[in-house]
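Student: okay, sequence plus prediction incoming.
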Amino acid sequence: MSYTVKVEKFKNEQVDNVAKKLVGFKITKDTGDIFIIDKWLDIDDSKSDDTYASDAYKLCTTEINEWKDSFTHVAKTFNPDTGKME
């Protein structure tokens, strides 16, 4: 399976009077299935845009992997006689 990760959101906003960076990703599976996730990060003037994207992606990995794992058994054939997926 192949996946494409695109940055869909990348902007500064005030959250509870604190400057934050919103980074959003759209992960698309080669079958067309889509997963969208956003993360808020503290703004740090020493960070590059690439670092913000990398940090946000690291914070998303658990949710992204859970989504990817949800396809493990999709499209398998279930044999009710043996009780197994093939």
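Tutor: Sure thing, it's come through. Numbering: from 1, shown residues only.

Student: strands of this structure, start to end?
Tutor: With DSSP state E, the ranges of strands along the chain come out as 3-15, 18-29, 34-42, 78-79, 84-85.

Student: how far does the last one sit from the chain's center?
Tutor: Offset of strand 84-85 from its chain centre (CA atoms, centre = their mean, to the nearest Å): 29 Å.

Student: who are the contact partners of the most centrally placed residue in the chain?
Tutor: In the chain, the C-alpha nearest the mean C-alpha coordinate belongs to Ile64, at 4.3 Å (CA atoms, centre = their mean). Contacts here follow CB atoms under 8 Å, 6 or more residues apart in numbering; on that basis Ile64 touches 25, 27, 35, 37. Glycine gets a C-beta too; all of them are placed from N, C-alpha and C.

Student: give me that answer again for 7 Å
Tutor: Remark: with contacts taken as CB atoms under 7 Å, 6 or more residues apart in numbering, Ile64 is in contact with 27, 35, 37.

Student: does the second one touch Trp67 like I think?
Tutor: So that's Phe35. Yes. If you go by CB atoms under 7 Å, Phe35 and Trp67 touch, sitting 4.5 Å apart.

Student: that older thread, against Val74, how distant is the residue nearest to the centre of the chain?
Tutor: As defined by CB to CB, to the nearest Å, Ile64 lies at a distance of 17 Å from Val74.

Student: again, but for Ala56
Tutor: Using CB to CB, we find Ala56 at a distance of 27 Å from Val74.

Student: please say which of those two ends up with more neighbours.
Tutor: Residue environment comparison for Ala56 versus Val74 gives the larger neighbour count to Ala56, 22 against 8, counting by other CB atoms under 10 Å.
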